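1. With the sequence up front, the predicted model follows.
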Amino acid sequence: MHKHGDAKTQREVKIKEKIIFSRGKMKKIKIIGAGLAGCEAALQFADNNWQVELYEMRPEEQTEAHQTGNFAEIVCSNSLKSKLITTASGLLKEEMKILSCKLLPIAEDCSVPAGNALAVDRDVFAEKITSIITEHPNINVHRKEVINLNDELTIVATGPLTSQKLTGELIKIIGNEHLYFFDAIAPIITAESVDESIIYRKTRYDKGEADYLNCPFSKEEYYDFVEALNDADKHEAHEFESTFFDNINFSFYENCTPIEELARRGKDTLRYGVMKPVGLDDPRTGKWPYAVVQLRAENNDKTAYNLVGCQTMLKYGEQKKIFRLIPGMQKAEFVRFGSIHRNTYLNGPHILNTDMSLKKKSNVFIAGQLAGVEGYVESILSGLLVAKLLVEKITEVSELLPDTTISGQLWKHLITEQKNFQPMNANFGLLPSLKERVRDKKLRKQMYSERAIEDLQNSVTIQK
Ligand SMILES: Cc1cc2nc3c(=O)[nH]c(=O)nc-3n(C[C@H](O)[C@H](O)[C@H](O)COP(=O)(O)OP(=O)(O)OC[C@H]3O[C@@H](n4cnc5c(N)ncnc54)[C@H](O)[C@@H]3O)c2cc1C
């Protein structure tokens, strides 16, 4: 494994200082965290002739998941997902190439065979990025944990495993209630994949707008579902998840008990809790069903729905099998599966300006998973966009990214007011519907992708 000694880094810093000062006055940015978002942002600024002060706490201070002192270390799967532009992740990568992403070409150089996916040799990838950054004349590397946020122009890209001291500093600025430590994510499915002859739109006791879709269980169907949950294959919670923030009271986790844990507590727990059917008369029978799973729209266009209360630690294969037992969801198409893990992230819509700076400290910008994107490629995107906005002095994302792009919609997700803000990854459910209804799934995805790429290429900023 490639580790950088302090002496070497100090020497490099001195050499670079000389170069920087000899160039006269440069714009300066401090970036905290040399992960995927921080490295992408650093290279964007540096190549645009900004002076970058990059702080990384590893290897002196490690996270629970990183293993080395290398920058842009990939902590789990080595896959950056599909290369096919007819998939959401493939389309996102294509958009990022148009936006001149720095890390994706490096990933392609370090790729290993993985069918249609872009998978990398994680050590080669991280070592290559570490050396490009360390040798860049416009980047100074500091191997140091940052614990305070001062008045310098700063990007915080410290990721889902942000150190405890810096988390404390963020809490001082934005408040405990806008910083989450765990992700309890329920699956999301496409609207098109639900059976409208079974699922019905209704609000409880017809109070307010009928925003929810309701999946009605018969008695037999409900107990089959509970039994399947009890028999399912589950992930074990990591030990660090329960110990890291011993000294902070995070009620968030308790409110997000996994559905399989609720099922284990008793066969009727779900139907008296998240699946209670009261006030939800089924139009086919005129009666309340035995239990109900409610689906809540994920976007204004109502193209994707969240399974309310179904946060889960079940393995993905099990989720597909078990959630398809829900009436009306036999053919559900999942755009995201549920999960629960330590993931420090901010409630962006409450605390961020549209340019990703903190409302309460506008010299500080947030990038990467900490800002509420989910996934390697999405984190790189976030670093890319924050840098681009600052370099090009743009404050509104719509000036850079059309609404029809995955990148534009992911950005919007981070800053748009919503009831239960949760991190988001690339998925077609984010995109506005096509003008005409296209039944063929493959063709529809192709059309989404062609529309996004064409709109992005025609956008004012790209044409400049
Ligand atoms: C255990 C785990 C597994 C994951 N698996 C996957 C997966 O398989 N696929 C996927 O797409 N996504 C996965 N993710 C989600 C996410 O995509 C990655 O975590 C991604 O690396 C996030 O990028 P980032 O740049 O925001 O943060 P990171 O890549 O984590 O970078 C943040 C950097 O900041 C540093 N840092 C933290 N605090 C400080 C501080 N105070 N001062 C200085 N430096 C600091 C850290 O050492 C780190 O190098 C996983 C996340 C976790 C936690």
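-> Structure received. Remember, predicted model here, so these are calculated numbers, not experimental data. Residues are numbered from 1 along each chain as shown.
2. and whichever residue of the stretch 151-300 of the chain sits closest to the ligand, what does it touch?
-> Nearest to the ligand, among the residues of the stretch 151-300 of the chain, is Gly159, at 2.3 Å (C-beta to the nearest ligand atom). To be clear about C-beta, it is placed using only N, CA and C from the backbone, and glycine gets the same treatment. For Gly159, the set of contacting residues under the criterion of C-beta atoms under 8 Å, 6 or more residues apart in numbering consists of Gly33, Gly35, Leu36, Ala37, Thr63, Thr344, Gly368, Gln369, Leu370, Ser379.
3. Let's see if you can find the most crowded of the residues you listed.
-> Ala37 (35 neighbours; other C-beta atoms under 10 Å).
4. Does that one touch Gly372 like I think?
-> No. Because the distance of 11.8 Å does not satisfy C-beta atoms under 8 Å, Ala37 is recorded as not touching Gly372.
5. give me phi/psi at the single nearest residue of the stretch 351-464 of the chain relative to the ligand?
-> Proximity of the stretch 351-464 of the chain to the ligand (C-beta to the nearest ligand atom) peaks at Gly368, 2.4 Å away. The phi and psi torsions at Gly368 (degrees, to the nearest 10) take the values phi 80, psi -160.
6. And Lys202, by the same measure?
-> Recorded main-chain torsions at Lys202 are phi -170, psi 150, according to degrees, to the nearest 10.
7. Run through the helices of the stretch 101-250 of the chain in chain order.
-> 103-109, 122-135, 164-174, 219-231, 239-243 (DSSP state H, counting those that start in this stretch).
8. Next one, pLDDT for the residue positioned nearest the centre of the chain please.
-> Residue closest to the average C-alpha location in the chain (C-alpha atoms, centre = their mean): Glu374, at 1.7 Å. Per-residue pLDDT puts Glu374 at 91.
9. Please apply the same query to Asp355.
-> So Asp355 comes in at 92 (pLDDT).
10. Skipping adjacent residues, who's closest to it in space?
-> Spatially, and ignoring its direct neighbours in sequence, Asp355 is nearest to Thr395 (4.5 Å; C-beta to C-beta, 6 or more residues apart in numbering).
11. ok, now which ones touch that neighbour?
-> With contacts taken as C-beta under 8 Å, 6+ apart, Thr395 has the following neighbours: Asn353, Thr354, Asp355, Leu389.
12. Of the residues you listed, select the buried ones using a PyMOL command.
-> Of the contacts of Thr395, the buried ones go into a single PyMOL selection, burial set by 16 or more other C-beta atoms under 10 Å:
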select buried, resi 354+355+389
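13. Okay, and which of the contacts of Thr395 map to helices?
-> Assignment to helices by DSSP state H places the following of the contacts of Thr395 there: Leu389.
14. Out of the contacts of Thr395, which are close to the ligand?
-> The overlap between the contacts of Thr395 and the neighbourhood of the ligand (criterion: C-beta under 6 Å from any ligand atom) is empty.
15. so which of the contacts of Thr395 comes closest to Asn458?
-> Within the contacts of Thr395, distances to Asn458 taken as C-beta to C-beta reach their minimum at Leu389, with 19.7 Å.
16. Touching, Lys276 and Val292? I think so.
-> Yes. Here Lys276 lies in contact with Val292, judged by C-beta under 8 Å, at a distance of 7.3 Å.
17. who's more crowded, the two?
-> The residue with the greater number of neighbours, taking Lys276 and Val292 and applying other C-beta under 10 Å, is Val292; the counts read 28 against 15.
18. Number of residues surrounding the residue nearest to that one when sequence neighbours are not counted?
-> The shortest distance from Val292 to any residue that is not its chain neighbour, by C-beta to C-beta, 6+ apart, is 4.4 Å, and that residue is Pro277. For Pro277, the tally of surrounding residues (other C-beta under 10 Å) stands at 21.
19. List the contacts of Pro277.
-> With contacts defined as C-beta under 8 Å, 6+ apart, the neighbours of Pro277 are Pro216, Phe217, Arg271, Trp288, Pro289, Tyr290, Ala291, Val292.
20. Settle this for me: Gln67 is touching Pro59, isn't it.
-> No. When contacts are counted by C-beta under 8 Å, Gln67 is not listed as touching Pro59 (9.6 Å).
21. related to what we said a few turns ago, so where does the closest residue to the residue of the stretch 351-464 of the chain closest to the ligand other than its chain neighbours fall, helix or strand?
-> By the measure of C-beta to C-beta, 6+ apart, the closest residue to Gly368 outside its immediate chain neighbours is Ala37, 2.9 Å from it. For Ala37, the host element (DSSP states H and E) is helix 36-47.
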